[in-house]
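[1] For reference, the sequence and a predicted model appear below.
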Amino acid sequence: MVFLTHLHFDHVGGLVDLPVTTPVYVGAGEAQERSRVNLVLGRPADAALRGYGPLREWRFQPDPDGRFAGVLDVFGDGSIWAISTPGHSAGSTAYLVNAVDGPKLVVGDAVSTRLSWEQQMPQPVAPAARADAEASAQRLRNFAAAHANVEVFLGHQSRSEQAEAR
């Protein structure tokens, strides 16, 4: 299985190295998004997804704690959570992975760089999506602040600087 944070071409290119029988999961509404950016950049993403069959969309449930727009315990055992983070794209999704060496929060482009994470800089999104993008980013920051042991992985930050984004 592949769990994508969103369908922008710079986040799906690695699919070409996987068998086309690999199930691909995205956030609700992600496959239907029709923004101007996708009109220009969608073709490379479409090429990377060619042959994989229908994308599978997460069916988020309301977050019982009210922290996020929606959540889903992927395997039902708490090992991986899909978290709805709308804004950067319609179905933008973050993932909380409860790994053996501690929890990892993969936020994709909901917050793409350490500077955006630390300085709470607005993400480059369409004006209509700005409120959702800022709310999702702040929810992720709040979650990480409340759980100091969570290692955060940002969408476009080098691995050597990931640990600093806490």
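    Great, that's in hand.

[2] Regarding this protein, what is its longest helix?
    If each helix of the chain is counted by residues according to DSSP state H, the longest one is helix 130-146.

[3] what pLDDT, on average, does that helix get?
    For helix 130-146, the per-residue pLDDT values average out at 93.

[4] Neighbouring strands - and their directions - for the helix or strand following it?
    The helix or strand immediately downstream of helix 130-146 is strand 151-154, counting by DSSP states H and E. Strands that pair with strand 151-154, judged by DSSP bridges, come out as strand 102-108 (parallel).

[5] in the helix or strand just after the strand it pairs with, what's buried?
    Of the helices and strands lying after strand 102-108 in sequence (DSSP H and E), the nearest is helix 114-119. Of the residues in helix 114-119, those with enough neighbours to count as buried (16 or more other CB atoms under 10 Å) are Arg114, Ser116, Trp117. Bear in mind the C-beta positions are built from the backbone N, C-alpha and C, glycine included.

[6] So for Gly51, what's the nearest residue that isn't a sequence neighbour?
    Nearest residue to Gly51 in three dimensions, chain neighbours excluded: Val20, at 4.1 Å (CB to CB, 6 or more residues apart in numbering).
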